[in-house]
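my questions are about this predicted structure, shown below with the sequence.
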Amino acid sequence: MEVRKSLVVNSTPLETRIALLENGQLCELFLERTMNKSQVGDVYKGRVAKLLPGMQSAFVNIGGVKDGFLYLDDPVVQRLGSDLSAEEEGEEASTEELPPPPPPLPPLKEGEETLVQVVKDPIGSKGPRLSRHLSFPGRFLVFMPGIEHIGISRKITDPAERERLRELIRSHVQPGEGFIVRTAAIGEKDEDLVGDVIFLRQLWQGIQAKADTVPAPGLVWQDLRLLQKVMRDIFREEVSTFWVDDDAAHREVVSFVENLHPEWSNRVKRFTSDLPIFEAFGIESEIDSARQPKVFLKHGGSIVLNQTEALVSVDVNTGKFVGKKDLEETVFLTNLEAIPEIVRQLRLRNLGGIVVIDFIDMVDPLHREEVLARFHEELKRDRNHARAGGISEFGLVELTRKRTGPSLERQLTQPCPICSGAGRTQSPETSLLKAYRELVRLGERLRGADVRLTLHPELSAAIHHEAREGLMQLARLMGARVSWIERADTPRHAVVMDLQIPGQGSATA
């Protein structure tokens, strides 16, 4: 079945959210908040704070609250930028053409300065993950200075096209340079691909020059922000529409398309309805559902997902589905129905690491083979690199899925302060942004209204000053009189909004 893809952008001064829809269904969600921007891809001049010889690693101060963690001898050339799609990552894992090992990097000493790139954002108590193997994704290529290798995405299957691309890049590469050709390069003009080579080379030269002047610890180069990354990496031929609800973001997308693919200009749509864009597309309710462990299937079955520190478990249940023929058929059909939903939920929730799926036990070996084949086929939809094994005698399937940052749950929630981390509750940022979106939804109704924002003192203290001022400023711009009240008897994770609207009385949100 043909997959229709759409991108939907919800942009505000405090947050950018971008949804990838496939056949109208939410499959991936990308978040960027002004108070907690991702550092992945950013290049720093760091200072070695502590060496750990027993772990062949070091802690490096890059100027943040927590030192970054650096493996001194990175064994794999996999630092291709976490925003790079799995199809290019998979190229490096192919036995067809493994790249040569990178040249050994000089040993480090405590107090020494070194150039590093963030490959994973801080998670929980851990600082950012760093690498000395730098890489820079472009529109069609990934540039890897210091690694002499030319790789081609495995998604480029035509032998003639692979050879064309390889020979073109090889004819323009210089000593000490490496490139991975991305899937987006298929059918592109030679001059555009060579232009990407030149652009990335000049980018690296600029970074090297700036690194000589920046004191350690300090930021040398900042990667693209979320909207630019999505335009570069996801807005491709198969994306039929790109909806945007903000004038500035819309102009940015239109400019990007007109420069690179003017024939796609009619795909960019400005959303103008009074209804918030994520509500209009049914995305907001999907996000709320993605925070729940249980997902119901169309015919009565269900899957239950649980994220732990060690792994992610997925349990498949028949639930209310009783089938029509016999137990074996009922089990088989439930497992088949669960497969696309399991893969969608892994993508939507951004669950990575080790994943164990407990399919319902099947007696018929042909059924087991069919379920496994369907599962492998469905995994091809995932841009993230994922590898699955066979079905064990206990009906379990194990897979590994590349981590690309915190899961959706970790982004939207925090450990519960009451139960000492046994559960999770809404984070302060999520609570504030919900109130922000509610003000946007009310729109003109706020003119002349009195808005009272009541919240627990602990929640108030945890909210960043910039975010608080952004919320207050929005209310004032809409013509409301706003007050900020702290009360200990207010729920710890919610901003309670009381409105006094002229001619309509009071309301609580």
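Nice, thanks for sending it over.

low-confidence ranges, the chain, go.
Scanning the chain for pLDDT under 70 picks out the ranges 1, 74-103, 321-324, 419-422, 502-509.

now do 50
76-98 (pLDDT under 50).

helices along that one, start to end?
Taking DSSP state H, the helices of the chain run over residues 86-93, 159-170, 190-211, 226-233, 247-260, 277-280, 283-289, 327-348, 365-379, 408-412, 428-442, 457-462, 465-477.

need these in TSV (columns: mean neighbour count and distance to residue 241).
C-beta here means a position set from N, CA and C on the backbone, and glycine is covered the same way. Converted to TSV, these look like this (neighbours: other Cβ atoms under 10 Å; distance: least, Cβ to Cβ, whole Å):
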stretch	mean neighbour count	distance to residue 241
helix 86-93	20	23
helix 159-170	15	27
helix 190-211	15	24
helix 226-233	20	14
helix 247-260	15	11
helix 277-280	18	12
helix 283-289	16	14
helix 327-348	20	19
helix 365-379	16	24
helix 408-412	18	23
helix 428-442	19	22
helix 457-462	15	38
helix 465-477	15	28
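
residue 486: which of the ones you listed is closest?
helix 457-462 (4.6 Å; Cβ to Cβ).

and the helices of the chain: which comes nearest residue 297?
Closest approach to residue 297 among the helices of the chain (Cβ to Cβ): helix 327-348, 5.2 Å.

what angle separates that closest one from helix 365-379?
20 degrees (axes from the mean of the first three to the mean of the last three Cα atoms, to 10 degrees).

for residue 129, list each beta-bridge partner.
The partner list for residue 129 in beta bridges (DSSP bridges) reads residue 69, residue 120.

need the contact list for it.
Residues in contact with residue 129 (Cβ atoms under 8 Å, 6 or more residues apart in numbering) are 68, 69, 70, 118, 119, 120.

ok, the last one touching residue 128?
Yes. Residue 120 is within contact range of residue 128, at 6.3 Å (criterion: Cβ atoms under 8 Å).

which of the two has more neighbours?
Neighbour totals were compared for residue 120 and residue 128, and residue 128 leads with 25 against 21 (other Cβ atoms under 10 Å).

quick one: the more buried one from residue 67, how far?
In this view, residue 128 and residue 67 are 9 Å apart by Cβ to Cβ, to the nearest Å.

now do residue 143 against residue 117, distance only.
12 Å.

got it, and residue 287?
30 Å.

can you map out the strands along the stretch 1-150 of the chain?
Counting by DSSP state E, counting those that start in this stretch, the stretch 1-150 of the chain has strands at residues 5-11, 15-22, 25-33, 43-52, 57-61, 68-71, 113-120, 129-131, 136-137, 141-143, 150-152.

so for residue 297, which of these sits nearest?
Of all those, strand 25-33 sits nearest to residue 297, with 13.6 Å by Cβ to Cβ.

and the closest one, how far out from the chain's middle?
Here the centre of strand 25-33 is set off from its chain's centre by 7 Å, with Cα atoms, centre = their mean, to the nearest Å.

so which bits of that strand are buried?
Applying a neighbour-count criterion of 16 or more other Cβ atoms under 10 Å, one finds 26, 27, 28, 29, 30, 31, 32, 33 buried in strand 25-33.

residues near the spatially closest residue to residue 186 that is not a sequence neighbour, how many?
In space, and not counting its chain neighbours, residue 186 is closest to residue 156: 5.8 Å by Cβ to Cβ, 6 or more residues apart in numbering. Residue 156 has 22 neighbouring residues, counting by other Cβ under 10 Å.

make sure residue 156 is actually in contact with residue 165.
Yes. Using Cβ under 8 Å, residue 156 makes contact with residue 165 at a distance of 7.0 Å.

distance of residue 434 from residue 121?
In terms of Cβ to Cβ, residue 434 sits 23 Å off from residue 121.

who's in contact with residue 145?
Contacts of residue 145 by Cβ under 8 Å, 6+ apart are 134, 176, 177, 178, 204.

let me have the helices of the chain in CSV, extended by distance to residue 356.
Shown next, in CSV, are those (distance: least, Cβ to Cβ, whole Å):
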stretch, distance to residue 356
helix 86-93, 20
helix 159-170, 36
helix 190-211, 39
helix 226-233, 29
helix 247-260, 39
helix 277-280, 32
helix 283-289, 22
helix 327-348, 11
helix 365-379, 13
helix 408-412, 17
helix 428-442, 28
helix 457-462, 34
helix 465-477, 38
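
okay, domains of the chain per the record?
5-35+228-285, 43-223, 292-401, 416-508 (automatic domain parsing).

any idea how far the third one is from the chain center?
Chain-centre distance of domain 292-401: 22 Å, with Cα atoms, centre = their mean.

and stretch 223-242, by the same measure?
The answer for stretch 223-242 is 12 Å, by Cα atoms, centre = their mean.

which outside residues touch that stretch?
With Cβ under 8 Å, 6+ apart, stretch 223-242 has contacts from 3-7, 9, 11, 16, 18, 20, 30-32, 37-38, 40-42, 81, 83-85, 137-139, 183-184, 249, 252-253, 256-257, 264, 267-269.

same question for stretch 196-204.
So stretch 196-204 is contacted by 136, 138-141, 143, 145, 169, 172-174, 177, 179, 221 (Cβ under 8 Å, 6+ apart).

let's see that with 7 Å instead.
Stretch 196-204 has contacts (Cβ atoms under 7 Å, 6 or more residues apart in numbering) with 136, 138, 139, 140, 141, 143, 145, 169, 172.

go on, stretch 477-494?
425-426, 431, 439, 446-460, 472, 475-476, 496.

quick one on the thing from earlier: got a markdown table for the domains of the chain, with distance to residue 407 too?
Shown next, in a markdown table, are the domains of the chain (distance: least, Cβ to Cβ, whole Å):
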| stretch | distance to residue 407 |
| --- | --- |
| domain 5-35+228-285 | 11 |
| domain 43-223 | 9 |
| domain 292-401 | 5 |
| domain 416-508 | 11 |
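
what is the neighbour count of the closest residue to residue 11 other than its chain neighbours?
Residue nearest to residue 11 in three dimensions, not counting chain neighbours: residue 246, with 3.8 Å by Cβ to Cβ, 6+ apart. Residues lying near residue 246 (other Cβ under 10 Å) number 19.

next, residue 246: phi, psi?
Main-chain dihedrals, residue 246, degrees, to the nearest 10: phi -130, psi 140.

so it is in contact with residue 13, correct?
No. If you go by Cβ atoms under 7 Å, residue 246 and residue 13 don't touch, sitting 9.4 Å apart.

tell me, what's touching these two both at once?
Counting by Cβ under 7 Å, 6+ apart, nothing touches both residue 246 and residue 13.

show me what contacts the residue nearest to residue 186?
Applying Cβ under 7 Å, 6+ apart, we find residue 156 in contact with 162, 165, 183, 186.

let me have those in a markdown table, extended by distance to residue 355.
Shown next, in a markdown table, are the contacts of residue 156 (distance: Cβ to Cβ, whole Å):
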| residue | distance to residue 355 |
| --- | --- |
| 162 | 31 |
| 165 | 33 |
| 183 | 25 |
| 186 | 30 |
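
residue 274: which of those is nearest?
Nearest to residue 274 out of those is residue 183 (Cβ to Cβ; 38.5 Å).

hmm, that closest one is touching residue 155, no?
Yes. Proximity of residue 183 to residue 155 meets the contact threshold set by Cβ under 7 Å, at 4.4 Å.

what about residue 54, how many residues nearby?
6.

from residue 424, how far off is it?
34 Å.

need the contact list for the closest residue in space to residue 170 that isn't next to it in sequence.
Using Cβ to Cβ, 6+ apart and skipping the chain neighbours, the partner closest in space to residue 170 is residue 150 (5.8 Å). With contact set as Cβ under 7 Å, 6+ apart, residue 150 has these partners: 166, 169, 170, 173, 178, 179.

if you set the cut-off to 8 Å instead, what comes out?
Counted by Cβ under 8 Å, 6+ apart, residue 150 has contacts 166, 169, 170, 173, 178, 179, 180, 181.
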